[in-house]
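> just to be clear, the model below is a prediction. Sequence and coordinates:
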Amino acid sequence: MLGDLLVVILNTDEQLLEKRKGTKLEGIIRYPFEDRVYIINEFKPIDIVVPCLDEDTSVAETLRAIAPHIFAKGGDRTLENLPQKEKDLAKECGYEIVCGVGHPKEHSSSWYDWEHDGMKLSSEGAVGYPGIEVRVLDK
């Protein structure tokens, strides 16, 4: 167990659209923000869901606001591809970064297969929802 309190920072619809530019999911929001909040709140280990406060594709300002002890990143993130702002803030604020948490993956959208003009959940991975990034905090 990484911490006592699990907080999920959830990207806004605008952030998802920005992150997806140039990918097969460009311009697509499968689940609007409000739906993703509802889905994430249903996971029993989740204590709090907070919207990302940042105006770019990082979560640095949100991390500054919630002041975690541990910042956990999913299987598609490593220290090499983590935004520099998030690494710099970890040094400044003294929180630990843990990468590779959860199911191994290349990207959250890799769990989806395309089917004509829609998407279906791929049978390859665990249940995943695009745009969800999990962070862990100690109480």
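Arrived safely.

> only C-alpha atoms from now on, for both contacts and neighbour counts.
Fine.

> would you mind measuring from the residue lying closest to Gly27 once chain neighbours are set aside to Arg30?
Distances taken as Cα to Cα, 6 or more residues apart in numbering place Leu17 nearest to Gly27, at 5.8 Å, with adjacent residues excluded. According to Cα to Cα, to the nearest Å, Leu17 stands 11 Å off from Arg30.

> and if you look at Arg77?
Distance, Arg77 to Arg30, by Cα to Cα: 22 Å.

> tell me where the model's unsure across this structure.
Applying pLDDT under 70 to the chain flags the ranges 1, 75, 103-139.

> please enumerate the helices of it.
When secondary structure is read from DSSP state H, the chain shows helices at 13-19, 33-41, 60-66, 84-93.

> next, count neighbours for the residue nearest to Gly27.
Using other Cα atoms under 10 Å as the criterion, Leu17 is surrounded by 17 other residues.

> list the contacts of it.
Each residue near Leu17 by Cα atoms under 8 Å, 6 or more residues apart in numbering is listed here: 26-29.

> at 10 Å instead, please
Residues counted as contacts of Leu17 (Cα atoms under 10 Å, 6 or more residues apart in numbering) are 11, 25-29, 57, 131.
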